[in-house]
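In: Based on what follows, work out the 3D shape:
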Amino acid sequence: MHSIRFRSMAFLALLLAVLLLLLNTFPVISSRDAVFEEKRSAMSSRAALLASSLSGLDRLSEAGIGEVLSFLELSDYDRIAVVDETGSPLYDSGNSELPMEDIRRALSGKAVFRSRFGESAFLSSITMPVNGKGVLTGAVYLQERDTERAEGIRAVQGRLRTLSLTIGAVALLVAALFVLLLTRRLQALVRSMHTVASGDYHYRHVISGRDELGKLGEELNRLTEQMDRTESERRRFVADASHELKTPLASIRLLSDSIAQNEQMDPGTMREFVSDIGGEAQRLQRTTEKLLDLSRLDDKVQFVPEPVDLKQAALDAIASLRPLAQEKRVRLRSELEEGCVVMGSRDDMARILFNLVENAIKYNVPEGSVLLRLYGREQQVILSVEDTGIGIPEADRPYIFDRFYRVDKARSREAGGSGLGLSIVHDAVLAQGGSITVGQNKPQGSVFMLSFPRPSAEETGI
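Out: As a prediction, this is how the structure comes out:
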């Protein structure tokens, strides 16, 4: 966190320094350039006027130059000089040496303007040729030292510097406060993550804003809630699975101990005990197989979809469960439409149909019935399993697909149910891209409605 804080402050300080540098330099440079252009225009006009006035003389002389200067208002210039065609001074109001490079360029026919912003003044000069009757007769030189404009720009520069320092100090203070608050929120978020990572899924991060960090905190809380639910479901699943496995194991142990401890047990009773042991072993095997099915579905094991004829799968399930239906005195009926093909796993589809029909038989009433309907729509294939059994109370319907959930626990155990069948059906249907709902069958019983996407002819190859 200290590293992020340092880097954030360094970045903001650098950005602020660049902005303040621009604030201090750009206005000054713009003002200076504007003064340069103004000087160029003004001095060029005055030098051209002087050169034009001198060109009317028959020849350049000190007397003639003085007479012309007396008519022109050039007293605001610090130095005025006029040279002949050889560069020799004819008139010079200053004492220092003239810029001979500029003089030579002017005598070649080019006007030369120079200006620079010194420590306390604008130093500007212009050198311009003088042409008398079409012949170059000399050159004029004007020089100006403007301290008033320079002081104005220096004053602006000073005020900008003061303003920049004030803005910089305030901005750095605000930035430091902002970075401090930001890093504190990040630290709180990291602490919350560590708390959740340690296994405290009841903990909730305190949201302190509606920005991106606040949204990140909300996502952390949602993830924690999901992990809390998952952990609760895992613990309940382990407890329920342990109970389901413990019950048949306890029965097997009790029966086997009874056989071992009773040396005088008659053959008929022993066969009955052994048969009960076999029944409990089968129950244990069914529960284990269903747990393995759920584990496979949870792992989302990939399968290669293949065309599955649901009518044939339904007929196979009916054929397999007909002996059970006869034993329970339940009539199996079907209304199966041709051409109801879906893309999925053949084994999973068989498992879905088997579990639904088996449940409909086990939880039915004597002389009841089970009806399988299968029909196609434009984009879907619909499969329903209707029974005339004990039904599912409205309060229990939201939970019937939960693992180990039983509506009638006493009857479920008598029927050999583990509370896993509908969970397997639900997860398998979703894995095939379908959906499943449950409702009440009139006048009594339940109806499970399954819907699968109907594939195109190109997908099925049929």
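In: Now for the chain, the helix or strand with the poorest mean pLDDT.
Out: helix 409-414 (a mean of 46; mean pLDDT, DSSP states H and E).
In: From the chain's centroid, how far away is the following helix or strand past that one?
Out: Tracing the chain C-terminally past helix 409-414 and defining elements by DSSP states H and E, one meets helix 421-431 next. Distance of helix 421-431 from the chain centroid (C-alpha atoms, centre = their mean, to the nearest Å) equals 33 Å.
In: for the chain, what are the low-confidence residue spans?
Out: 1-3, 5, 119, 233-234, 236-248, 280, 283, 286-303, 403-419, 459-462 (pLDDT under 70).
In: In the sheet, which residues pair with the residue lying closest to M43 once chain neighbours are set aside? Tell me.
Out: Nearest residue to M43, sequence neighbours excluded (C-beta to C-beta, 6 or more residues apart in numbering): I126, at 4.4 Å. C-beta here means a position set from N, CA and C on the backbone, and glycine is covered the same way. On the basis of DSSP bridges, I126 is bridged to F113, L142.
In: Settle this for me: I126 is touching S41, isn't it.
Out: No - using C-beta atoms under 8 Å, I126 is not in contact with S41; the gap is 10.6 Å.
In: Which one's more surrounded, the two?
Out: I126 (26 against 11; other C-beta atoms under 10 Å).
In: Show me where the stretch 201-350 of the chain has its strands.
Out: Ranges of strands within the stretch 201-350 of the chain are 306-309, 331-336, 341-344, based on DSSP state E, counting those that start in this stretch.
In: what are the pairing partners of the second one, and which direction each?
Out: Taking DSSP bridges as the criterion, strand 331-336 forms sheet pairs with strand 369-376 (parallel).
In: Next, the buried residues of the partner strand.
Out: The neighbour-count check on strand 369-376 (16 or more other C-beta atoms under 10 Å) flags 369-374, 376 as buried.
In: how much distance is there from that strand to the middle of the chain?
Out: 46 Å.
In: Packing partners of the helix or strand following that strand?
Out: Per DSSP H and E, the first helix or strand lying C-terminal to strand 369-376 is strand 380-387. Here strand 380-387 touches helix 310-328, helix 346-362, strand 369-376, strand 446-453, going by 3 or more C-beta pairs under 8 Å, 6 or more residues apart in numbering; DSSP states H and E.
In: neighbouring contacts of strand 380-387?
Out: Applying C-beta atoms under 8 Å, 6 or more residues apart in numbering, the contact partners of strand 380-387 are 310, 314, 340-342, 353, 356-357, 360-361, 363-364, 368-376, 441, 445-454.
In: Would you agree D92 is in contact with G66?
Out: No - look at D92 against G66 with C-beta under 8 Å: they stay out of range, at 11.9 Å.
In: These two: which is more packed in?
Out: D92 (16 against 11).
In: that older thread, what subset of the contacts of strand 380-387 is buried?
Out: 310, 314, 340-342, 353, 356-357, 360-361, 363-364, 368-374, 376, 441, 445-448, 450-452, 454.
In: all helices of this protein, in order?
Out: 2-55, 62-71, 100-107, 147-197, 212-261, 267-298, 310-328, 346-362, 409-414, 421-431, 457-460 (DSSP state H).
In: chain center to the first one, what's the gap?
Out: If I follow you right, that is helix 2-55. The chain centroid and the centroid of helix 2-55 are separated by 43 Å, computed with C-alpha atoms, centre = their mean.
In: same thing with stretch 152-166?
Out: Centre-to-centre, stretch 152-166 and its host chain are 45 Å apart (C-alpha atoms, centre = their mean).
In: Which residues belonging to it are considered buried?
Out: Buried, per 16+ other C-beta under 10 Å, within stretch 152-166: 153, 157, 160, 164.
In: wait, which of these is closest to H426?
Out: When those are compared for distance to H426 (C-beta to C-beta), S164 wins out at 68.7 Å.
In: who's in contact with the closest one?
Out: By C-beta under 8 Å, 6+ apart, the neighbours of S164 are 20, 23-24.
In: Please repeat the previous calculation with a cut-off of 10 Å.
Out: S164 sits next to 16-17, 19-24, 171 when contact means C-beta atoms under 10 Å, 6 or more residues apart in numbering.
In: Next: R7.
Out: Neighbours of R7 in contact, by C-beta under 10 Å, 6+ apart: V179.
In: gap between it and V179?
Out: Distance of R7 to V179, computed by C-beta to C-beta, to the nearest Å: 10 Å.
In: Equivalent analysis for E73, please.
Out: In this structure, E73 and V179 are 62 Å apart, going by C-beta to C-beta.
In: Neighbour count: these two, which is higher?
Out: Using other C-beta under 10 Å, the more surrounded residue of E73 and V179 is V179, with 18 against 9.
In: ok, and the closest non-adjacent residue to the more buried one?
Out: S8 (4.7 Å).
In: The one you found reaches L181, doesn't it?
Out: No - using C-beta atoms under 10 Å, S8 is not in contact with L181, being 11.4 Å away.
In: Who has more neighbours out of these two?
Out: S8 (17 against 12).
In: For the closest residue to R322 other than its chain neighbours, grab the count of nearby residues.
Out: Leaving aside its sequence neighbours, R322 sits nearest to L332 (C-beta to C-beta, 6+ apart; 6.3 Å). Here the number of neighbours of L332 (other C-beta under 10 Å) works out to 19.
In: Which strand residues bridge L332?
Out: Beta-bridge partners, per DSSP bridges, of L332: V370.
In: wait, it sits on E358?
Out: No - judged on C-beta under 10 Å, L332 makes no contact with E358 at a distance of 11.3 Å.
In: and for these two, which residues touch both?
Out: 317, 321, 324-325, 370.
In: Neighbour-wise, which one of these leads?
Out: That'd be V370 among the shared contacts of L332 and E358, by other C-beta under 10 Å, with 26 neighbours.
In: who's in contact with the closest residue to I259 other than its chain neighbours?
Out: Excluding the flanking residues, the one nearest I259 by C-beta to C-beta, 6+ apart is F273, at 5.5 Å. By C-beta under 10 Å, 6+ apart, the contact set of F273 is 254-256, 258-259, 262, 265.
In: before we move on, what about D309?
Out: By C-beta under 10 Å, 6+ apart, the neighbours of D309 are 315, 336, 338-342, 346, 349, 460, 462.
In: Please, a PyMOL command that selects the buried ones among those?
Out: The following PyMOL line selects those of the contacts of D309 that are buried, judged by 16+ other C-beta under 10 Å:
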select buried, resi 336+340+341+342+349+460
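In: Make TSV from the contacts of D309 and add distance to R229 to it.
Out: Shown next, in TSV, are those (distance: C-beta to C-beta, whole Å):
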residue	distance to R229
L315	40
L336	39
E338	44
G339	42
C340	37
V341	37
V342	31
R346	33
M349	30
T460	39
I462	42
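In: biggest separation within the contacts of D309, which pair?
Out: Checking the contacts of D309 with C-beta to C-beta, the most distant pair is L315 and T460, at 19.1 Å.
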